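Colleague: structural data only, the sequence is not supplied:
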């Protein structure tokens, strides 16, 4: 992965991961990528009291959700993934990175916000974006929204600021809370797969209201439910 204009190698190693080069900047990125800051000990202790949830927490013991290290990259990825298959979203993202990103060693860095702000809708359309999504991505890049400042705001205010922009609805805002900010109470109730996962375990319930049952571990619960639902 490219970090700060450098190619960084991240590989599994005995007892953890091997990161080269390792410094304060790359450590911060790797901690987010690998979800190191999730408190799995507290979550597992809490989940032991949840009769239906406990077995799958044991099954996936040690699983940490990955977080996106960059807010703009995460939001562009979310827009790209709206109403298309994962395969299509990945293909479009790869074309975007190769067209507008920069090569760093053997990898490509995701395009800077400033670079996408100078792109045309026609250029993004040629990469596979719908015209509306091209408008959304460029609009986000050109907006005055301070993405770094969102880290200091409460969940509701983060959602309000994101959903004020065209193309960023509640689904995207919820996943931003869950997969970039790593907020413990993030609960992407509008996600189709999560709705199916919840109802597979708890029956025909109101999924958004059901989130209160998992307080204060909604984010981890959502990821463990999805892991159970998506794993044969």
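Modeller: Thanks, I have the structure now. All of these numbers come straight from a predicted model, not from anything done at the bench.
Colleague: rest of the way, CA atoms for contacts and neighbours
Modeller: Fine.
Colleague: all helices for the protein, in order.
Modeller: Counting by DSSP state H, the chain has these helices, from start to end: 24-33, 40-47, 54-59, 71-81, 86-100, 113-117, 121-125, 131-142, 155-163, 170-179, 192-202, 207-210, 218-230.
Colleague: how distant is the fifth one from the center of its chain?
Modeller: Going back to what we said before, that points to helix 86-100. 16 Å (CA atoms, centre = their mean, to the nearest Å).
Colleague: what's the most buried one of the helices of the chain?
Modeller: Counting by mean count of other CA atoms under 10 Å, helix 170-179 has the highest mean neighbour count of the helices of the chain, with a mean of 23.
Colleague: contact partners of it?
Modeller: By CA atoms under 8 Å, 6 or more residues apart in numbering, the residues outside helix 170-179 that reach it are 65-68, 71, 74-75, 78-79, 155, 158-159, 162-163, 183-184, 186-191, 219.
Colleague: give me the mean pLDDT for it.
Modeller: Per-residue confidence for helix 170-179 averages out to 96 on the pLDDT scale.
Colleague: run through the residues that contact residue 152.
Modeller: Applying CA under 8 Å, 6+ apart, no residues qualify as near residue 152.
Colleague: and it, what's its pLDDT?
Modeller: Here, the pLDDT recorded for residue 152 equals 97.
Colleague: as CSV, the helices of the chain with distance to residue 3 would be great.
Modeller: Shown next, in CSV, are the helices of the chain (distance: least, CA to CA, whole Å):
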stretch, distance to residue 3
helix 24-33, 7
helix 40-47, 27
helix 54-59, 33
helix 71-81, 13
helix 86-100, 14
helix 113-117, 15
helix 121-125, 24
helix 131-142, 20
helix 155-163, 25
helix 170-179, 18
helix 192-202, 31
helix 207-210, 36
helix 218-230, 26
